[in-house]
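In: below: sequence and its predicted model.
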Amino acid sequence: MRLLLLGCTGLVGRALVPLLAEAGHDLVVVSRRAVAPAAGRLLQLDVLDPTVWTGDGPLAAAVAAAEGVVNLTGEPIAEKRWTPAHRALLRASRVEVTQHLAAAITAAPVPPQVLVSGSAVGYYGTSADGCFDEDSPCGDDFLAGLCRDWETAAQAVPPTCRVVRLRTGIVLAPEGGALGRMLPIFRTGLGGPVGDGRQWMSWIDRSDLCAVIAEALTNPAWDGALNGTAPNPVTMAAFCATLGRVLARPSLLPVPAPVLQLLLGDGARVVLEGQRVLPRRLQALGFRFRYPELSAALAAATSPEPR
């Protein structure tokens with residue numbers, strides 16, 4: 001399958017691109033940076049520039065040539081304060097880019113057969129005691145609204161284009177994301193839970209997420225919303241205790257919520273508040289997780305052996 005990949009040069013893309021290449025797909029990887037992808041051809045463009053999406057623009061042409069599209073674009077959520085300017089960037093990099101993409105798909109003489117478009121478990125809002133699946137309603141906070149609009153933009157394509165909206169949880173990989181930031185601290189024995197530790201963490205191993213995306217591209221039974229999470233979410237305290245055991249290090253020193261709020265402002269909510277999200281539809285579709293349990297996922301992610 002001829003695939004166009006957007007937002008696939010980061011944490012997920014570093015594993016996804018070689019997986020898709022090994023499966024025999026023909027890949028075009030879009031990036032604003034001059035980085036050589038692990039496989040396929042690089043199309044160096046800034047997807048935030050509206051001119052690349054015009055009728056005779058290079059990205060519109062790439063969309064028209066594709067049989068499938070993976071759209072994982074989006075500025076990091078929890079790394080900066082949510083100033084008005086940063087909120088606008090979070091929205092532009094998700095909603096507006098996806099709107100341009102959907103318009104290009106619609107305008108293509110032969111639209112791609114499938115669009116796998118990113119979203120996040122933030123769609124459900126936050127809750128200390130609720131449990132969410134794909135049928136749960138959208139929340140009412142900033143992130144929930146952002147995810148709702150992101151998904152709405154992805155669905156504005158012709159009916160011949162199957163759309164999978166992937167609501168991803170915390171992706172576990174050693175060289176980035178939440179785990180990548182935690183590992184150096186935990187390896188010194190200074191790690192511990194963030195906040196009160198009771199907030200839920202809905203997580204997924206990167207290899208499982210990549211397998212979900214690969215299957216979603218080729219399996220016509222997969223459509224609509226899918227929760228990209230493992231079947232066993234844990235609390236922050238349990239996550240940190242498990243990571244400490246895997247590393248044979250203590251995990252007793254909590255990071256006080258006010259410290260994180262001072263550093264990240266509203267962005268701290270991503271790790272101070274959580275949601276318990278279950279992959280009901282993935283399980284109903286028969287997807288088999290390689291790492292359904294956190295301890296095995298963390299052991300694999302922290303192993304010196306290549307995965």
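Out: Yep, it's here.
In: just the strands in the stretch 101-250 of the chain please.
Out: For the stretch 101-250 of the chain, applying DSSP state E, counting those that start in this stretch gives strands covering 114-120, 131-132, 162-168, 170-172, 200-201, 203-205, 224-228, 234-235.
In: would a markdown table of these with mean neighbour count, distance to residue 44 and mean pLDDT be doable?
Out: The way it works is simple: take the backbone N, C-alpha and C, and place the C-beta from them, glycine included. Converted to a markdown table, those look like this (neighbours: other C-beta atoms under 10 Å; distance: least, C-beta to C-beta, whole Å; pLDDT from 0 to 100):
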| stretch | mean neighbour count | distance to residue 44 | mean pLDDT |
| --- | --- | --- | --- |
| strand 114-120 | 25 | 21 | 97 |
| strand 131-132 | 18 | 38 | 98 |
| strand 162-168 | 23 | 25 | 98 |
| strand 170-172 | 24 | 25 | 93 |
| strand 200-201 | 26 | 35 | 94 |
| strand 203-205 | 27 | 30 | 97 |
| strand 224-228 | 22 | 28 | 98 |
| strand 234-235 | 19 | 40 | 95 |
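In: out of those strands, nearest to residue 28?
Out: Closest to residue 28 of the strands of the stretch 101-250 of the chain is strand 114-120 (C-beta to C-beta; 14.7 Å).
In: show me the contact partners of the closest one.
Out: In this structure, residues lying in contact with strand 114-120 by C-beta atoms under 8 Å, 6 or more residues apart in numbering are 7, 67-74, 77, 94, 98, 101-102, 105, 143, 147, 150-151, 154, 157, 161-169, 213, 216-217, 225.
In: got the angle between it and strand 224-228?
Out: Relative orientation of strand 114-120 and strand 224-228, computed by axes from the mean of the first three to the mean of the last three C-alpha atoms, to 10 degrees: 50 degrees.
In: what's across from the closest residue in space to residue 228 that isn't next to it in sequence in the sheet?
Out: Using C-beta to C-beta, 6 or more residues apart in numbering and skipping the chain neighbours, the partner closest in space to residue 228 is residue 168 (4.0 Å). In this entry, residue 168 is beta-bridged to residue 120, residue 228, by DSSP bridges.
In: any idea how far residue 168 is from residue 226?
Out: When distance is defined by C-beta to C-beta, to the nearest Å, residue 168 is 9 Å away from residue 226.
In: for residue 73, same thing?
Out: Distance of residue 73 to residue 226, given as C-beta to C-beta: 18 Å.
In: contact partners for the residue nearest the centre of the chain?
Out: Compute the mean C-alpha point of the chain, and by C-alpha atoms, centre = their mean the closest residue is residue 168, 4.7 Å away. By C-beta under 8 Å, 6+ apart, residue 168 lies in contact with 118-121, 204, 209, 228-229.
In: and if you look at residue 182?
Out: For residue 182, the contact set (C-beta under 8 Å, 6+ apart) comprises 191, 243.
In: how about residue 12?
Out: 72, 171, 206, 209-210, 213.
In: same question, residue 240
Out: Contacts of residue 240 (C-beta under 8 Å, 6+ apart): 186, 191-193, 197, 251.
In: so how far is residue 156 from residue 119?
Out: The gap separating residue 119 from residue 156 is 14 Å, by C-beta to C-beta.
In: surely residue 16 is within a helix?
Out: Yes: the assignment for residue 16 is a helix, going by DSSP: H, G, I helix; E, B strand; the rest coil.
In: wait, it sits on residue 38?
Out: No: Residue 16 lies out of contact with residue 38 (C-beta atoms under 8 Å); the separation is 9.1 Å.
In: how many other residues sit next to the closest residue to residue 17 other than its chain neighbours?
Out: In this structure, residue 17 finds its nearest non-sequential neighbour in residue 38, 4.6 Å apart by C-beta to C-beta, 6+ apart. Residue 38: 18 surrounding residues under other C-beta atoms under 10 Å.
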